[in-house]
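> This is a predicted model, with the sequence first.
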Amino acid sequence: MDLALFMSKHVVKYISKDRERGQIMTEFAIITVMCMLFVFALMILFYYFTEYGERLLDLVSIDYP
């Protein structure tokens, strides 16, 4: 086997693994930000439901005669 061919295959494998590492870190960062936004939205909903819970229930409930 030619040494240049062997080295080029090795370099291509290394470059593709480096790209995979970057993709994994990017996906991890995106998922982390999405989870933080989801928790933040739940915290806001929890605050408003505890602060104005009775008023919200009065607005959406049906009064039966």
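Looks like it came in fine. Residues are numbered from 1 along each chain as shown.

> And the contacts of the host helix or strand of Asp58?
Using DSSP states H and E, Asp58 sits in helix 53-60. The contact list for helix 53-60 (CB atoms under 8 Å, 6 or more residues apart in numbering) reads Tyr48, Phe49. For glycine as for every other residue, the C-beta is placed from the backbone atoms N, C-alpha and C.

> what is the mean pLDDT for it?
Computed over helix 53-60, the mean pLDDT rounds to 78.

> try stretch 28-44
Mean predicted confidence for stretch 28-44 is 96.

> Going along the chain, name the helices of the protein.
3-51, 53-60 (DSSP state H).

> Just the CA trace of the shortest one, in PDB.
So that's helix 53-60. Provided in PDB are the C-alpha atoms of helix 53-60 (Å, rounded to 0.1, in the frame of the first residue of the first chain):
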ATOM      1  CA  GLY A  53     -55.100  31.300  39.600                       C
ATOM      2  CA  GLU A  54     -58.600  32.000  41.000                       C
ATOM      3  CA  ARG A  55     -59.200  34.800  38.500                       C
ATOM      4  CA  LEU A  56     -58.100  32.600  35.600                       C
ATOM      5  CA  LEU A  57     -60.400  29.800  36.700                       C
ATOM      6  CA  ASP A  58     -63.300  32.200  37.000                       C
ATOM      7  CA  LEU A  59     -62.600  33.400  33.400                       C
ATOM      8  CA  VAL A  60     -62.600  30.000  31.800                       C
END
